[in-house]
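# sequence plus the predicted model coming up.
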Amino acid sequence: MLKCLLAPAAFLYKMGVTFRHRLFDWGILKSERFDIPIICIGNITVGGTGKTPMAEMVITYMAQMHRVALLSRGYGRRTKGYLEVRTDSHYRDVGDEPLQIKFKFPDTVVVVCEKRAEGIRRLRAEHPEVDLIVMDDGFQHRYVEPKINVVMIDATRPVQHDRMLPVGTLRDLPEELHRAHYFVVTKCPEHMAPIDRRILRKVLIQVAYQRVYFTRFESFIPQPLYADEAPSEPLAGGRSVIALSGIGNPGPFLQSLRERYKVVSEMTLDDHHVYKVRDMTALKTLLAKHPDAVIVTTEKDAVKMTNRSKIPPEVRRALYYQPINISFIEDSATDFLQKLEEDVRGN
């Protein structure tokens, strides 16, 4: 019933997105090219598909050969315009994901600007040493024409079965996937059947040069956010944990915790959630109810809780975050990254 009620809104949204793409196709709206290689990492759905872990993987590899910068819109920030992210920036000013990347790569230039073309011009003027830009979440933007489009696809929500917002999770048209150069399918089962890979390749590949890679998220032992206040021993398997998340698709995070620990409570919040005093109070209440438990959250959420003075002592002592990366399950990550570098250097 709800889908039927939302169907007209989904139809109007699809018409609006289609018309906008036609304006670019007809040259009425202009896509701008730059004389610097730009790798765009995007998707066509709402919710987490792994863009940030992929950006981190690309930065790690490309920084060996290039002076890399990351450009992001800075979704959810309370500021406007161009800002350079520093390690002491507040996530409300620059966005949680750009700040997470800056923490991991303090020597990498990270900037936010909702107008991507303007951001690239400013970045180039202020950092002429940069010779490669990784653009986060710009596939549907189209005012910038990147050299390489890497599109992240969620295996748990196949695009061929999805619907446009607000009925489904599609925010862009599957027909636009012809502009992609690489597809990285995330959240695949560890033993993905060959026939499932063939079906996805058939659905995704629209142009001969396109490549598809299949991956899953690999999670590691949670680490204390405040190491000086936490026990020195690693978090043992089977421990009682309170799962805390404010991300687009918390399912894989929660599942990974259930496989290793006893999840006694879940506090699931909206994507890009702004943590407030009431959230800290709720965590204190959960810890009092489960005195043997610790709190495990995501890396994206952890960057929002690095201001020690805003976190109650009992929460600080129990607060852990779970690192993740992208693990390739068929072709190697090296194969993907080397081909990406070849395309960056190609004409």
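Noted; the coordinates are in hand.

# I figured residue 162 hits residue 171, correct?
No: here residue 162 lies out of contact with residue 171, judged by C-beta atoms under 8 Å, at a distance of 10.2 Å. For every residue, glycine as well, the C-beta is placed using N, CA and C.

# which neighbours do the two share?
residue 45 (C-beta atoms under 8 Å, 6 or more residues apart in numbering).

# what residues sit buried inside the longest helix along the chain?
Looking across the chain with DSSP state H, the single longest helix is helix 2-25. Taking 16 or more other C-beta atoms under 10 Å as the basis for neighbour counts, the residues of helix 2-25 that come out buried are 6, 10, 13-14, 17, 21.

# low-confidence ranges, the chain, go.
For the chain, the stretches flagged by pLDDT under 70 are 347.

# quick one on the thing from earlier: dump the buried residues of helix 2-25 into CSV; add distance to residue 264 as well.
Converted to CSV, the buried residues of helix 2-25 look like this (distance: C-beta to C-beta, whole Å):
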residue, distance to residue 264
6, 35
10, 38
13, 40
14, 43
17, 43
21, 47
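
# and which of those residues is nearest residue 166?
Out of those, the one with the shortest distance to residue 166 is residue 6. That distance is 5.0 Å, counting by C-beta to C-beta.

# let me see the contact set for that closest one.
Residue 6 makes contact with 166-167, according to C-beta under 8 Å, 6+ apart.

# how many neighbours does residue 79 have?
The burial count assigned to residue 79 is 15, neighbours taken as other C-beta atoms under 10 Å.

# doesn't it belong to a helix?
No: checked against DSSP: H, G, I helix; E, B strand; the rest coil, residue 79 lies outside a helix; its state is coil.

# give the contact list for the closest residue to residue 323 other than its chain neighbours.
Across the structure, with C-beta to C-beta, 6 or more residues apart in numbering as the measure, the residue nearest residue 323 apart from its sequence neighbours is residue 220 (4.6 Å). Listed by C-beta under 8 Å, 6+ apart, the contact partners of residue 220 are 322-325.

# out of the residues you listed, which end up buried?
Restricting the contacts of residue 220 to buried positions leaves 322, 324-325, with burial counted as 16+ other C-beta under 10 Å.

# residues of stretch 306-325 that come out buried?
Taking 16+ other C-beta under 10 Å as the basis for neighbour counts, the residues of stretch 306-325 that come out buried are 306, 311, 315-322, 324-325.

# among these, which are located in helices?
Among these, the members falling in helices are 315-318 (criterion: DSSP H).

# can you give me the strands for the stretch 101-250 of the chain?
Counting by DSSP state E, counting those that start in this stretch, the stretch 101-250 of the chain forms strands over residues 109-112, 132-136, 148-154, 182-186, 211-219, 223-224, 240-245, given from the N-terminal end onward.

# indicate which one of these is closest to residue 58.
Comparison of these against residue 58 by C-beta to C-beta identifies strand 132-136 as nearest, at 5.6 Å.

# buried stuff in that closest one?
Within strand 132-136, the residues that qualify as buried by neighbour count (16+ other C-beta under 10 Å) are 132-136.
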